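Peer 1: need a structure here:
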Amino acid sequence: MALTRPVRTVWDIPREERFAPGHAMCQGCGAAIIMRHLMKVVGKDAIIVMATGCVEVTTTLFPRTSWLNPWLHLAFENAGAAASGVEAALKVLRRKGVIDGSRRVKVVAIAGDGGSFDIGLQSLSGMLERGHDVMFVVYDNEAYMNTGIQRSSATPYGAWTTTTPVGKRWRGEWRPKKDIIGIALAHRIPYVATANPAYPTDMVEKFRRAFEIEGPSLVHVLSPCTPGWRIPTEKTIEVARLAVQTGVWVLLEVVNGRPRVTVKVPRRKHVRHYLRLQGRFRHLTDEEIERIQKMVDQYVEEINRWVGEQAIGPVAE
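Peer 2: Coordinates of the predicted model:
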């Protein structure tokens, strides 16, 4: 599938704000940055479908809302299903001439890692498998932050959470992070990408491509959480940037199965620079950090091999 409209440059990001201030999100919340940029990209021609989560509860305190678009809240587990239903209803309304068929209105589903990786995975998979024209955005703060910092399957190896405690025998999360990108790619959808608020122009361009492409798309965005990651409120972007500079978070996009790394890191920093800034990793010994470094090295090597085998140029000029 091809992009339905030409991709614009990063310099014409709309000035209009469609994510209103006055919400109750934490100071330094990565998700707040993500939502603001996302809404600038999708503009008025988008219907937002949002699962229960941090963003939902902090931006819709009755009787106020930060969303200037049509917005639907639903249960934790069914963002994909509800978005599928809205998209199908739009098709019917166009076919019956109830709404203008020449105007393209896109459904944008938003969920955290809990609503995507875990309890919402079946709903997400169904949406992708059926081929609905829906953009799915995962804001990944790597735990169930809204309900008390419990681990999710997106929680990284070694991290402290309230359900992966630290002691002599328990050393935080002992399982590796689930590969949601690999799961999405298994559905053979036209567009999959990772993004990071520390690289806003890269993030905005990926939002645009995911929004403009025809068919299902998924953008997986790292979303630092100041209380859950135990970082100072002013360190959000620094920590997010270090995730890329150390190789913990590789910025890539996959168009019709063909991958490319969008932000290259010529010389990676040691993973300790990323881990030591966060209280959730404060318990790690030097030996445990080296174990994580080896895991990151293997991950980056696998990505480079995969991209090298499928090497392509820019997606759109």
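Peer 1: C-alpha only now, for contacts and for neighbours.
Peer 2: Noted.
Peer 1: strands of the stretch 101-250 of the chain, start to end?
Peer 2: 106-112, 134-140, 191-195, 217-222 (DSSP state E, counting those that start in this stretch).
Peer 1: got JSON lines for those strands, with distance to Gln27 too?
Peer 2: Listed next are the strands of the stretch 101-250 of the chain as JSON lines, based on distance: least, CA to CA, whole Å:
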{"stretch": "strand 106-112", "distance to Gln27": "18"}
{"stretch": "strand 134-140", "distance to Gln27": "17"}
{"stretch": "strand 191-195", "distance to Gln27": "21"}
{"stretch": "strand 217-222", "distance to Gln27": "17"}
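Peer 1: which of these sits closest to Gly182?
Peer 2: The closest of the strands of the stretch 101-250 of the chain to Gly182 is strand 191-195. By CA to CA, the value is 9.5 Å.
Peer 1: just checking, what packs against the closest one?
Peer 2: helix 180-185, helix 200-212, strand 217-222, strand 252-255 (3 or more CA pairs under 8 Å, 6 or more residues apart in numbering; DSSP states H and E).
Peer 1: to Gly80, which of the strands of the stretch 101-250 of the chain lies closest?
Peer 2: strand 106-112 (6.8 Å).
Peer 1: contacts for that closest one, please.
Peer 2: For strand 106-112, contacts defined as CA atoms under 8 Å, 6 or more residues apart in numbering pick out 45-54, 79-80, 83, 86-87, 133-141, 211.
Peer 1: try 6 Å this time
Peer 2: The contact list for strand 106-112 (CA atoms under 6 Å, 6 or more residues apart in numbering) reads 46-51, 134-140.
Peer 1: are any of those residues buried, and if so which?
Peer 2: Burial by neighbour count, judged by 16 or more other CA atoms under 10 Å, picks out 46-51, 134-140 from the contacts of strand 106-112.
Peer 1: can you list the weak-confidence ranges in this structure?
Peer 2: 1-12, 311-317 (pLDDT under 70).
Peer 1: let's see 50
Peer 2: 1-10, 312-317 (pLDDT under 50).
Peer 1: tell me where the longest helix sits in it.
Peer 2: helix 286-309 (DSSP state H).
Peer 1: chain center to it, what's the gap?
Peer 2: 21 Å (CA atoms, centre = their mean, to the nearest Å).
Peer 1: show me which positions of it end up buried.
Peer 2: Buried residues in helix 286-309 (16+ other CA under 10 Å): Ile289, Ile292, Gln293, Val296, Asp297, Tyr299, Val300, Ile303, Asn304, Val307.
Peer 1: got the contact list for Tyr191?
Peer 2: Per CA under 6 Å, 6+ apart, neighbours of Tyr191: Ser217, Val254, Val255.
Peer 1: in a markdown table, list these along with neighbour count.
Peer 2: Below are the contacts of Tyr191 laid out as a markdown table (neighbours: other CA atoms under 10 Å):
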| residue | neighbour count |
| --- | --- |
| Ser217 | 28 |
| Val254 | 19 |
| Val255 | 21 |
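Peer 1: can I get the residues you listed in CSV including distance to Ile183?
Peer 2: Converted to CSV, the contacts of Tyr191 look like this (distance: CA to CA, whole Å):
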residue, distance to Ile183
Ser217, 13
Val254, 13
Val255, 15
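Peer 1: ok, back up a step: and which of the buried residues of helix 286-309 is nearest to Gly279?
Peer 2: Distances from Gly279 to these, taken by CA to CA, are shortest for Ile289, at 13.9 Å.
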